[in-house]
Every structure is written in C-alpha cells, then in structure tokens.
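Trainee: What shape does this take:
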Amino acid sequence: MLRTNDNNCGINIEENLIPDLDIIANKKISKLVSEGNHNLLIFPSDLDVNKDKIGESNIFDLDNNLLTTHNVMGFIGINNTEVTIQSRFAQNGKDYFLHYMLKKVFSINLVDLKYSFNNENVFDFLLYIFPYYLKKALRQGLYKEYHRKEYNNANVKGAIDINRQIKYNMPFLGNIAYRVKEYSYDNKITQLIRHTIEFIKQRDLSQGILYTDTETQNCVDLIKQATPTYTNNDRTKIINENLKPFSHPYFFEYNGLKKICLQILRHEGLKFGEDKDKIYGLLFDGAWLWEEYLNTFLIDLDFKHPQNKVSKGAFNLFKDRSGYKRYPDFIKDNFILDAKYKRLDHNGNDWVNRDDMNQIISYMYIKSAMIGGFICPNDDNFINTCRSRLGELNGYGGEVFIWRLRIPKGAESFTEFCEKMGSEEEKMKDKINEECL
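Mentor: You can find the predicted model right below:
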C-alpha cells in the first residue's frame, strides 16, 4: 500500500510499484473510465460537471520513479498495488478534512468509518452515500420509460395483434387483442433501485440510513409504490439488464445512482484484483468536493451557486445575443467568489495563474461587481491569514482578494475536528459579511 497526499509536488516510489502504476499514470481519467474499468468509481460521476473537468486530469503522473498527484483524492488499485491519496491536510494517517467534506456534502454520519480509504471500508461508504444519490435522482422525477404492453379488451388504442386475436377471440365476443407502447414507472432502473433498498434493509448496521430524514423516507416509499412486480428472485436478472451504459438527456442524475446500485448489489466492495490489469477504486475530484462543501455554508449568506449541468444561475456575456453563458462558482449582488482547492501560494507568496485571474476579472466586469476573488483551504504558509488583498483593478475598478479557510490542526478526534471546522466556517462567514456591508 502506497500512501500519499493530493498536490504532493512529487514523491519517490519503490521500483517494484512502477510496472502496475505505469498502467494508471499519465492517463486522463476519462480514458481510464472509457477503457472498461467499471470498478473505478469517480465522484462526480459526470466528469464534465465541474469547470475543472476532472475527466481531462490525470490521477497522478509518473516520471521514472517520481509520482506526482493533483486534485484527486481517494483510493485506487491495480493487481496487488494499492494507492491511497489523502488530502494534503491529513495528519498522522487520519484524514479528518476529507471525511468532514464528505460528511457535509453527502449529509452522512462518518464517525464510525476509518479515516483513510481502502478496499476494506469503501463498500460501507457506498451504502452511506446511497441516500444522497437517491434523493438527487428523484428530484428530477420518478424515472419512466416506454414498455410494450399487451391488452385484450374493447378499448382498442394500439396495433391489433392478429395472432392473439385469432387465438383468444374467435369466435368474436367483443374483445380485441392489441399491443401498445406506454410509459411505465415499473422498469429496469426503478427495479434496480428497489433491489438496492431491499438489500440495504437486510443489513443490520446500515438499514438506518434509509430513514435518516423525511425526504429519504419519501423517496424509498415512492420507489416501493412504483415497483409492484418486485420479487427478490429477479435480482440477478435485474442486475444483468442494467449492465449496459445508461444515458438520458433529462434523467441524467440516475446515471450516478445506477452505478452505486450496481456496486452495492454485486457486493464486491471494490475488491476486484482477480482480473489482471483491471483498475478498481473510489476517487473524488478535490475541486468539485471543495466547491460543493463551500456551498453548504455560503448558502447561509445568500450566495447563489450556478450549476452548468442543469443550466441554472448562468449569465450571458452579451446583452443582444445568447449562447455565451458563464457560470461563476458563487455570486451575490456585486460579490463574486471562485472556489479553488489547488494551492494559491508560491514560496510563501500569493499566486494566481493567468487563466484564473482573467476569468474572475471578466466575471466582475460583466456583473459590475466591486468585490471578487478566490476562496481556498488555508495552507501552512498562510496559517494566520483569512484574507489577502491582491489589488484594485484598473479601468472600472473593483478589488480582488484571496480568502483562506483555516483547516484546524491537532484535533484529538473527528468530533473535535468537526467542532473546530464549524467555528472556522463562522469566522469566514463573518469576514465575508463584512465585505458585503
């Protein structure tokens, strides 16, 4: 087992690990997924949902024996080689910060889980995040698809089935045998979800996650009502029917839920080392996770969080034409924030790359915003600095800042860490509120 951190700036690894890691290294995540590594789970499941486009990133680079990580965290393995990538804020092997973000974003209780991911505890994590994806999918409505149904009555509304008509209705007594295509909520996707629900209910240690809140309970009840033909004996058949890739222009949130359901029902726990050169693991895009985490408390300050995937909260670049939409991470009145998980320091000094700076300036210009900048986790070099001013813009004016959320050190337990993080969030909210006055 190799253990390292995200954005590690390069570490030397043992020679015997290189043959396996060469299969993963220097490859885009989208390529690894497209090569049939179905047991490699990526969050977010839609690789293009975040502006950083995790699909275009490498999990890590390998140059001779120098391994360099980026914004990706989690667990990945191939053959007998396994790599755990913790957040760079992990201490003494306990990655409280990563687990805290997961707890906040997925609204789950992670107190009983270990603080590093490996093939022993990842399966439990899949059970805990099932309600998150269930609720997210059902917010788009209950999935439905066309089914061919056969009827034999006097209310003809489809194509007449001559063979069945001759077989069942001769001599003619008034009924007509016909076929019709109609929407059905009882289909292979909802059946897959129902089987997952029933599987979780059978586990004493995890069944409680289906009743943690009213919305989850309502979603579970809705799936049960929609699948009257459910029977436990159909589980293998339902799994096989759902092995093909799923794509739908409207019900796109069901894609992530379907993947989670399959992993749970196949009960493999991400222990897939039997097939040679097959990649398995559970990975999180740090940029996406950081952005979604920030939203859990910036929403309290009435910041809007535009979403590209559902075309929500965008603004147009031009007054007289559409098609040039932009999605800042967070926006409120004349205040624009860009979430950055990557390091924004260089040799102890503030540092923002050209593209990121140009982007925030263009957002501020279009929205006539007088305050803008970046919000990132606080690295050691800026341990006592909540906000640093980059300067006032030429032209129309407006000030650009970097806000840094301090990540506590020295917590004796995950509970203590959560309390300290809550305190740091309140300090950040107060500081940002001052700018809005």
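Trainee: tell me the contacts of T216?
Mentor: When contacts are counted by Cβ atoms under 8 Å, 6 or more residues apart in numbering, T216 is found next to 131, 134-135, 209-210. Quick note: C-beta positions are derived from backbone N, CA and C, even for glycine.
Trainee: now it: how far from M370?
Mentor: Distance of T216 to M370, computed by Cβ to Cβ, to the nearest Å: 42 Å.
Trainee: So which of the contacts of T216 sit within strands?
Mentor: Within these, no residue falls in strands by DSSP state E.
Trainee: Write the ChimeraX selection for whichever of these are buried.
Mentor: Buried residues within the contacts of T216, by 16 or more other Cβ atoms under 10 Å, are selected in ChimeraX with:
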select :131,134,135,209,210
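Trainee: Of the contacts of T216, which belong to helices?
Mentor: The helices, defined by DSSP state H, take in 131, 134-135 from these.
Trainee: Output the contacts of T216 in a markdown table, with pLDDT and distance to Y250 appended to each entry.
Mentor: As requested, the contacts of T216 are exported to a markdown table (pLDDT from 0 to 100; distance: Cβ to Cβ, whole Å):
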| residue | pLDDT | distance to Y250 |
| --- | --- | --- |
| P131 | 92 | 22 |
| L134 | 95 | 17 |
| K135 | 93 | 17 |
| I209 | 85 | 27 |
| L210 | 89 | 26 |
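Trainee: Closest one to V400 out of the contacts of T216, please.
Mentor: Distances from V400 to the contacts of T216, taken as Cβ to Cβ, are shortest for K135 (37.0 Å).
Trainee: residues contacting that closest one?
Mentor: Taking Cβ under 8 Å, 6+ apart, we find K135 in contact with 215-216, 219.
Trainee: before we move on, the earlier item: show me which of the contacts of T216 is closest to N175.
Mentor: Lowest distance from N175 to those (Cβ to Cβ) belongs to L134, with 41.4 Å.
Trainee: T190 is in contact with that closest one, correct?
Mentor: No: contact between L134 and T190 fails when scored by Cβ atoms under 8 Å: they sit 11.3 Å apart.
Trainee: Tell me, how many residues neighbour the nearest residue to L337 once chain neighbours are set aside?
Mentor: Among residues not flanking L337 along the chain, F330 sits closest, at 4.1 Å (Cβ to Cβ, 6 or more residues apart in numbering). Here the number of neighbours of F330 (other Cβ atoms under 10 Å) works out to 22.
Trainee: all helices for the stretch 301-437 of the chain, in order.
Mentor: Secondary structure of the stretch 301-437 of the chain by DSSP state H, counting those that start in this stretch: the helices cover 354-366, 414-436.
Trainee: Pipe those helices into JSON lines and attach distance to R326 and mean neighbour count per row.
Mentor: What follows is the helices of the stretch 301-437 of the chain, written out as JSON lines (distance: least, Cβ to Cβ, whole Å; neighbours: other Cβ atoms under 10 Å):
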{"stretch": "helix 354-366", "distance to R326": "7", "mean neighbour count": "15"}
{"stretch": "helix 414-436", "distance to R326": "22", "mean neighbour count": "15"}
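Trainee: Minimum distance to R194: which of those has it?
Mentor: Nearest to R194, of all the helices of the stretch 301-437 of the chain, is helix 414-436, at 33.7 Å by Cβ to Cβ.
Trainee: residues in contact with that closest one?
Mentor: With contacts defined as Cβ under 8 Å, 6+ apart, helix 414-436 is touched by 94, 96-97, 99-100, 103, 110-111, 115, 297-298, 300-301, 332-333, 335, 371, 386-387, 401, 403, 405-408, 411.
Trainee: In strands only, show me those residues.
Mentor: Among the contacts of helix 414-436, the members falling in strands (DSSP E) are 332, 335, 371, 387, 401, 403, 405-406.
Trainee: so the residue nearest to L337 touches L298, yeah?
Mentor: Yes: here F330 lies in contact with L298, judged by Cβ under 8 Å, at a distance of 5.6 Å.
Trainee: Overlap of the contact sets of the two?
Mentor: By Cβ under 8 Å, 6+ apart, the residues touching both F330 and L298 are 305, 337.
Trainee: which intervals of the stretch 251-400 of the chain have sub-threshold pLDDT?
Mentor: 267-277, 308-313, 346-349, 380-385 (pLDDT under 70).
Trainee: hey, where'd the strands end up in it?
Mentor: For the stretch 251-400 of the chain, strands defined by DSSP state E, counting those that start in this stretch occupy the ranges 279-285, 315-316, 325-326, 330-332, 335-339, 345-346, 349-350, 371-378, 387-392, 399-406.
Trainee: Dump the ones you listed to a markdown table, plus distance to I24.
Mentor: A markdown table is the format used below for the strands of the stretch 251-400 of the chain (distance: least, Cβ to Cβ, whole Å):
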| stretch | distance to I24 |
| --- | --- |
| strand 279-285 | 6 |
| strand 315-316 | 39 |
| strand 325-326 | 34 |
| strand 330-332 | 33 |
| strand 335-339 | 27 |
| strand 345-346 | 28 |
| strand 349-350 | 34 |
| strand 371-378 | 26 |
| strand 387-392 | 37 |
| strand 399-406 | 31 |
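Trainee: among these, which is the most enclosed?
Mentor: The highest mean neighbour count among these, using mean count of other Cβ atoms under 10 Å, belongs to strand 279-285: a mean of 24.
Trainee: by contact count, what packs against that strand?
Mentor: Judged by 3 or more Cβ pairs under 8 Å, 6 or more residues apart in numbering; DSSP states H and E, the packing partners of strand 279-285 are strand 40-43, strand 72-78, helix 122-138.
Trainee: and the first one, what does it pack onto?
Mentor: With contacts taken as 3+ Cβ pairs under 8 Å, 6+ apart, strand 40-43 sits against helix 29-34, helix 254-266, strand 279-285.
Trainee: Run me through the strand neighbours of the last one, direction for each.
Mentor: When pairing is defined by DSSP bridges, strand 279-285 lines up against strand 40-43 (parallel), strand 72-78 (antiparallel).
Trainee: Make a markdown table from the helices of the stretch 301-437 of the chain and add distance to W290 to it.
Mentor: Listed next are those as a markdown table, based on distance: least, Cβ to Cβ, whole Å:
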| stretch | distance to W290 |
| --- | --- |
| helix 354-366 | 14 |
| helix 414-436 | 13 |
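Trainee: just so I know, which of these lies nearest Y396?
Mentor: Smallest distance to Y396 across those (Cβ to Cβ): 6.6 Å, for helix 354-366.
Trainee: Now do that closest one against strand 371-378, angle only.
Mentor: Put simply, helix 354-366 runs at 140 degrees to strand 371-378, going by axes from the mean of the first three to the mean of the last three Cα atoms, to 10 degrees.
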